[in-house]
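1. fold the following and give me the result.
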Amino acid sequence: MNNLKLAVEVVSAHDLAPKDGEGSSSPFVELQFNGQKFRTMTKEKDLSPVWDETFYFNITDPSMIPSLNLEAFVYHYNKTNGSKVFLGKVRLTGASFVSYSDAVLLHYPLEKKRFFSKVQGELGLKVYVTNDNSMRASNPLPDFFQNNTYHIPMQDQTQLPFPDPVLREIPIKKTQPNRHTFHNIAKSNKGEKQQPNSAAVAAAAGMPNVSFSMNEMKSAKPAAKVMNAFAGSASPVDHVVRETSPVLGGGKVVGGRVIRGNIPASTYDLVEPMEYLFVRVVKARDLPSMDVTGSLDPYVEVKIGNFKGTTNHFEKNQSPEWNQVFAFAKENLQSSILEVVVKDKDVVLDDVVGNVKFNLYDVPRRAPPDSPLAPEWYRIENKKGEKNNGEIMLAVWYGSQADEAFPDAWHSDAISPNGSSSSSHYAQIRSKVYHSPRLWYVRVKVIEAQDLVPSEKSRIPDAYVKVQIGNQILKTRPVQSRMMNPQWNQDLMLVAAEPFEEPLILTVEDRLGNNKDETIGNVIIPVGSIDKRADDRPIRSRWYPLEKSMSSARDMENGKQKEKDKDKFFSRIHVNVFLEGGYHVLDESTYYSSDLRPSTRVLWKKQIGVLELGILDANVIPMKTREGRGTSDAYCVAKYGQKWVRTRTVIGSISPKFNEQYTWEVYDPSTVLTLGVFDNGQVSSSNGNGNRDSKIGKVRIRLSTLESGRIYTHTYPLLMLHNSGVKKMGEIHLAIRFSCTSFVNMLNLYFKPHLPKMHYVKPLNIIEQDRLKQQAVIIVSARLSRAEPPLRKEVVEYLSDSDSHLWSMRRSKANFNRLKNVFSGLISVAGWLGEISTWKNSVTTVLVHILFLMLVCFPELILPTIFLYMFVIGMWKWRFRPRYPPHMDTRLSCADVANPDELDEEMDTFPTTRSSDLVRWRYDRLRSLAGRVQSVVGDIAAQGERLHALINWRDPRATAIFMVFCIVAAIVLYVVPLQLMFIAVGFYLMRHPKLRSKTPPAPVNFFRRLPALTDSML
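-> Presented below is the predicted three-dimensional model:
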């Protein structure tokens, strides 16, 4: 049996002719040999495609090889009509075929089909003859450019392993949902005379039948269009921002504009109106005794349908005062009767004192700015219908979320539907507004100390100063002084927060050995008494006496110095301490800053606008299991400037409705609003403080991307990175409006410095900024965690992006891709100039020559032409401007391509908690990556050193040649007009390819031979 086969490797093509009318082509290669025909994949819009595909032809008679020819046709596939356009061909005779060991890759110039055909480019082929039994001949496939119909059983398609994007677009009649693709082509129409039935041919060849129909391809419905968050976004469909048209308090929002209709004006016009039944339980009096001991432990239970809420109980109090408000959503009311029951708290079973009932049809309605409804006294009715069990003061009314009682009310969506409620968790679920403390930088310049008294007077102290505010501790360098008067002259900076509760403590210590220090003296300075400065003016330094013990130092701070110690000899320290008010204390990532104002109010500018945020609703995945079903206790936290807001926690719902609206003053448009969604871990916690709140997702909105006065109503996907990859945790529905109060002031801010003046007059280094930022985040999280309800540490750190400075392989790849995109325009221009200089398109090259001559002869047109070109491009792109606020892009972040190990490394804590073997492997990987970066940096340095070598005579012959060139160039430039030199250089760079050599030009060769300092490196 003959196993001889002809192998053809189609590698690549270069510089093909554009045929699609847009300066490009979609080429594929068709191979024909001995009546067999195969084709490659189609490369979309690629003039230099790479295929790397191998095909095997059967050789029936080896003696006929010299008389056989291999033909390779290159075509452009036209998607519009399904036709193919000739780009060139290569014809190889059988006499040129060699064995595998002698085969090499050769690039053959493409030949014309007819004399007047326009053909250019080369095709890279590797052709050889083999008799390897493991090589199977490629299966031919019907020519899909014909309008014939074939049928292929879907179970046989696995025999064709080569995919083809062209065939993938052709509808195939199939009986199974799996998608299969092909790439081989059968014989052309010339063979139809000998093969009258195409289906029979397919069956005879042992190949499956397939149905191809160009008419079906043309009439197929186009794919659904997905609008991304911004132009160029390539995120998955469910990871994009979607615009909505909800009916809010101000009317229906359509395209950012409000259609008011018959809806009355409302203060809360960015949220959906929600009706609530409010019940204010104020106090009770003259309650009867219920226990044998004659005492009463009263509390109130408010019931409507299956919902009930309870107040706190008071022990042995017959005239208690609660002053608590309950809010029941009107849409969840299941009864027309409201019952307020007064009960006595007992160990086993609570006794009923009496109740008061209200018919909901008689409840009045209140809408701000009406004054609050006055509470009234109601007689309590017992089980017998007697009204002699005391009185209770109540107020019942209908209102909305605009009511001032709404934030402090106990909401029905925070009460379990089974009737149970937990008052211990009430503080953890309320909506609140927080203000982060105003932060200051504390600059401490430690100058010197005098008359230090160490414990061992015979030794010279190795003294240093420890500076401390709260948990922040900094140390100066150790200094030795024989005169006991060490000098440091060292600046240290810390962070302090108003109100200044922690003092500044200076401790002079003597380093006796490793981990062994001795205190020489202490001084405590109240931070509130330190001078403040708003600019770089000098502040007078002071001398402070050093106390041996900390208790004596505290007495000195409080002014409790004893009379006998007034004339006592003290060691003292000379320091310059002041509060820096001209800086903005960074407590968040600089890329997502929401406030850029300095610490001192004196330097604050006027506000330029107002930001309004309506948090409508959300859809989240279950975060926990309760009573055998998945559920979530979601709440939102938004941060802008010093103002933090927190919505109420909606318990037991994966589709919570918040409908809460908040407002911020805006001082700079180049700031970012950050909103996070969390699952409350304190509701199901027994101690109310042990569980962490789980992160569901985050949204960032930059104010400069918002149009003034427009309402943006969109649903934002909540994305989170896990060890397994990026995961969509749900969606949040927001309404946002930025209103500008002073358009002129806002435009003026675009020309002002981004940060306060002190950041440029006396800048802080990057390492110091990062350290101070971490300290600021710790201080803010500690202060906000002391509020009620507390904003927990994990919430503050997540919204402040406190871990953005940590190493991440994924972020490194994303930043590198961003850098490539930044320079992609320059690369495109360089590629276009390369095409001009190689005369790819003769007409374009001639036009560029003419334009070049015009600009050289009239140089005053250069700048106007550049700016006009930029204006035209900008106005053209205005049509495609982003319609939605930008959101997190998974492809830009490289979250969709990150492998699990990279994500596990990113999720690891600092310092690491992983095993030593895994850390060692990651360290080796980082070393390998750093080695490549090191090589690139070394190559860049070598190019600069070669420039220096032109005139530093390291290579005397090269420098001498350059000196001769310089003197000749000077003489020529004195004689020849400068414009003529520019024309000569430009025409030389754009010379025709026939005048070019494939080797580098002489100047490049000369430069590459110059010496660098790499041979001096160890």
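
2. any idea how far Phe880 lies from Thr649?
-> Going from Phe880 to Thr649 by Cβ to Cβ, to the nearest Å gives 42 Å. Bear in mind the C-beta positions are built from the backbone N, C-alpha and C, glycine included.

3. what of Arg996?
-> 72 Å.

4. when these two are compared, which one has more neighbours?
-> Thr649 (28 against 12; other Cβ atoms under 10 Å).

5. and the more buried one, what does it touch?
-> When contacts are counted by Cβ atoms under 8 Å, 6 or more residues apart in numbering, Thr649 is found next to Ala414, Gln428, Ile429, Asp633, Ala634, Tyr635, Asn680, Val683.

6. one more pass at 7 Å, please.
-> By Cβ atoms under 7 Å, 6 or more residues apart in numbering, the contact list for Thr649 reads Ala414, Ile429, Asp633, Tyr635, Asn680, Val683.

7. how about the third one, nearest residue that isn't a chain neighbour?
-> Residue nearest to Asp633 in three dimensions, not counting chain neighbours: Asn680, with 4.2 Å by Cβ to Cβ, 6 or more residues apart in numbering.

8. list the contacts of that neighbour.
-> Gln428, Ile429, Asp633, Tyr635, Thr649, Asp693.

9. repeat that for 8 Å
-> Neighbours of Asn680 in contact, by Cβ under 8 Å, 6+ apart: Gln428, Ile429, Asp633, Ala634, Tyr635, Thr649, Ile651, Asp693.

10. got a pLDDT number for the first one?
-> Yep, that's Gln428 we're talking about. pLDDT, Gln428: 76.

11. ok, and the closest non-adjacent residue to it?
-> Closest to Gln428 by Cβ to Cβ, 6+ apart is Gln682, at 4.2 Å.

12. then the fifth one?
-> Counting by Cβ to Cβ, 6+ apart, Tyr635 lies nearest to Thr649, which is 4.3 Å off, once chain neighbours are set aside.

13. next secondary structure element downstream of the helix or strand where Leu980 lies?
-> In this structure, Leu980 sits in helix 978-989 according to DSSP states H and E. Going down the chain from helix 978-989, the next helix or strand is helix 1002-1008, by DSSP H and E.

14. mind listing what the residue most central in space within the chain touches?
-> Nearest residue to the geometric centre of the chain (Cα atoms, centre = their mean): Met888, 4.7 Å. Each residue near Met888 by Cβ under 8 Å, 6+ apart is listed here: Lys698, Arg700, Leu719.

15. which element is the first one on?
-> According to DSSP H and E, Lys698 maps onto strand 694-702.

16. need the pLDDT of the residue nearest to Tyr635.
-> 89.

17. can you flag the buried ones in the contacts of Asn680?
-> Gln428, Ile429, Asp633, Ala634, Tyr635, Thr649, Ile651, Asp693 (16 or more other Cβ atoms under 10 Å).

18. looking at those, which one is closest to Trp410?
-> Ile429 (8.6 Å; Cβ to Cβ).

19. residue contacts, that closest one?
-> By Cβ under 8 Å, 6+ apart, the neighbours of Ile429 are Ala414, Asp633, Tyr635, Arg648, Thr649, Ile651, Asn680, Val683, Pro789.

20. what's the answer for Asp693, then?
-> Counting by Cβ under 8 Å, 6+ apart, Asp693 has contacts Phe678, Asp679, Asn680, Gly681, Gln682, Arg792, Glu794, Val795.

21. report the buried residues of the helix holding Leu980.
-> Residues of helix 978-989 classed as buried by neighbour count (16+ other Cβ under 10 Å): Phe982, Ile983, Gly986.

22. any idea which of these is the one closest to Tyr75?
-> The nearest one, if we look at the buried residues of helix 978-989 relative to Tyr75 and count by Cβ to Cβ, is Gly986, at 37.4 Å.

23. neighbours of the residue lying closest to that closest one once chain neighbours are set aside, how many?
-> Spatial nearest neighbour of Gly986, excluding adjacent residues (Cβ to Cβ, 6+ apart): Phe852 at 5.1 Å. Number of residues near Phe852 (other Cβ under 10 Å) recorded here: 17.

24. these two touch, right, Phe852 and Val985?
-> No: with contacts defined as Cβ atoms under 8 Å, Phe852 does not count as touching Val985, sitting 10.3 Å away.

25. so Leu833: helix, strand or coil?
-> helix (DSSP: H, G, I helix; E, B strand; the rest coil).

26. do the same with Ala13
-> strand.

27. tell me the bridge partners for it.
-> With beta bridges defined as DSSP bridges, Ala13 has these partners: Leu123.

28. re the thing from before, reformat the contacts of Asn680 as a markdown table; add distance to Gly124 and secondary structure.
-> Listed next are the contacts of Asn680 as a markdown table, based on distance: Cβ to Cβ, whole Å; DSSP: H, G, I helix; E, B strand; the rest coil:
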| residue | distance to Gly124 | secondary structure |
| --- | --- | --- |
| Gln428 | 69 | helix |
| Ile429 | 69 | coil |
| Asp633 | 63 | coil |
| Ala634 | 59 | strand |
| Tyr635 | 62 | strand |
| Thr649 | 65 | coil |
| Ile651 | 67 | coil |
| Asp693 | 60 | coil |
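
29. for the residues you listed, which one is nearest Lys84?
-> Ala634 (56.8 Å).

30. wait, that closest one sits on Gly681?
-> No: applying Cβ under 8 Å as the test, Ala634 and Gly681 come out as separate, 11.5 Å apart.

31. what packs against the strand holding Lys698?
-> If you count contacts as 3 or more Cβ pairs under 8 Å, 6 or more residues apart in numbering; DSSP states H and E, strand 694-702 packs onto strand 672-679, strand 711-722, strand 725-740, helix 793-800.

32. return the most buried member of these.
-> With neighbours taken as mean count of other Cβ atoms under 10 Å, those reach their highest mean count in strand 672-679, at a mean of 23.

33. out of the helices and strands packed on strand 694-702, the one nearest Tyr464 is which?
-> Going by Cβ to Cβ, the one of these nearest Tyr464 is helix 793-800, 32.0 Å.

34. just to revisit the earlier point, from the contacts of Ile429, pick the one nearest Pro49.
-> Tyr635 (54.0 Å).

35. give me every residue that touches the closest one.
-> Ile429, Arg646, Thr647, Arg648, Thr649, Val650, Val677, Phe678, Asn680.

36. mind running it again at 7 Å?
-> Arg646, Thr647, Arg648, Thr649, Phe678, Asn680.

37. how about these in a markdown table, adding distance to Ser63?
-> Output for the contacts of Tyr635, formatted as a markdown table (distance: Cβ to Cβ, whole Å):
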| residue | distance to Ser63 |
| --- | --- |
| Arg646 | 88 |
| Thr647 | 86 |
| Arg648 | 90 |
| Thr649 | 87 |
| Phe678 | 80 |
| Asn680 | 85 |
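
38. ok, which pair from those is furthest apart?
-> Applying Cβ to Cβ across the contacts of Tyr635, the maximum distance is between Arg648 and Phe678, 12.6 Å.

39. next, the buried residues of stretch 741-759.
-> Met746, Leu749, Leu755, Pro756, Lys757, Met758, His759.

40. closest to Glu547 out of those residues?
-> Checking those one by one against Glu547 (Cβ to Cβ), the nearest turns out to be Met758, at 34.0 Å.

41. and the pLDDT at that closest one?
-> For Met758, pLDDT reads 93.

42. that one and Gly581 touch, don't they?
-> No: the criterion here is Cβ atoms under 7 Å, and Met758 misses it with Gly581 at 8.5 Å.

43. export the contacts of Met888 as TSV, with columns for distance to Asp587 and pLDDT.
-> TSV is the format used below for the contacts of Met888 (distance: Cβ to Cβ, whole Å; pLDDT from 0 to 100):
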residue	distance to Asp587	pLDDT
Lys698	17	94
Arg700	16	94
Leu719	24	92
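
44. just curious, which of those residues is nearest to Phe823?
-> Arg700 (25.6 Å).

45. check contacts around the closest one.
-> Per Cβ under 7 Å, 6+ apart, neighbours of Arg700: Tyr592, Val672, Thr674.

46. Ile850 too?
-> So Ile850 contacts nothing (Cβ under 7 Å, 6+ apart).
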